[in-house]
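> this is the structure alone, sequence omitted:
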């Protein structure tokens, strides 16, 4: 079943996070993911507000987790670790 990769992010270093974003996109695409929302308009109804919200669709939970654990994505993530505060989850879609 397809899955959504959902990230809520507060960027603390724009330059370093830009390096992450440049590398993360190709890594996500390589694992069958594609963005359906990236930093667009949102309304925070509950919980901690994060200025950047990203949603990518993957063929499965396993594909999303494989992407996260891949060498390509981990290299990208090295730029984001000290440049952002974030939560990331993968949620299976019921179809």
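Cool, got the structure. From a predicted model like this one, the values you see are computed outputs, not experimental measurements.

> which residues of the protein fall in strands?
For the chain, the strands defined by DSSP state E occupy 3-11, 34-38, 52-58, 84-92.

> how about CSV for the ones you listed, with distance to residue 24 and mean neighbour count added?
Where you see a C-beta, it was placed from the backbone N, CA and C, and this is true even at glycine. Listed next are the strands of the chain as CSV, based on distance: least, C-beta to C-beta, whole Å; neighbours: other C-beta atoms under 10 Å:
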stretch, distance to residue 24, mean neighbour count
strand 3-11, 10, 19
strand 34-38, 10, 13
strand 52-58, 9, 19
strand 84-92, 11, 14
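
> what residue is smack in the middle of this structure?
Geometric centre of the chain, nearest residue: residue 7, 4.7 Å, by C-alpha atoms, centre = their mean.

> pretty sure that one sits against residue 64.
No. Between residue 7 and residue 64 there is no contact, the gap being 11.2 Å when judged by C-beta atoms under 8 Å.

> longest helix in the protein, please.
helix 14-30 (DSSP state H).

> related to what we said a few turns ago, distance to residue 27 for the strands of the chain - can I get that in CSV?
Shown next, in CSV, are the strands of the chain (distance: least, C-beta to C-beta, whole Å):
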stretch, distance to residue 27
strand 3-11, 11
strand 34-38, 12
strand 52-58, 11
strand 84-92, 13
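
> can I get those strands in JSON lines with mean pLDDT and distance to residue 71?
Output for the strands of the chain, formatted as JSON lines (pLDDT from 0 to 100; distance: least, C-beta to C-beta, whole Å):
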{"stretch": "strand 3-11", "mean pLDDT": "97", "distance to residue 71": "18"}
{"stretch": "strand 34-38", "mean pLDDT": "96", "distance to residue 71": "20"}
{"stretch": "strand 52-58", "mean pLDDT": "97", "distance to residue 71": "18"}
{"stretch": "strand 84-92", "mean pLDDT": "97", "distance to residue 71": "18"}
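
> out of those, nearest to residue 46?
strand 3-11 (12.0 Å; C-beta to C-beta).
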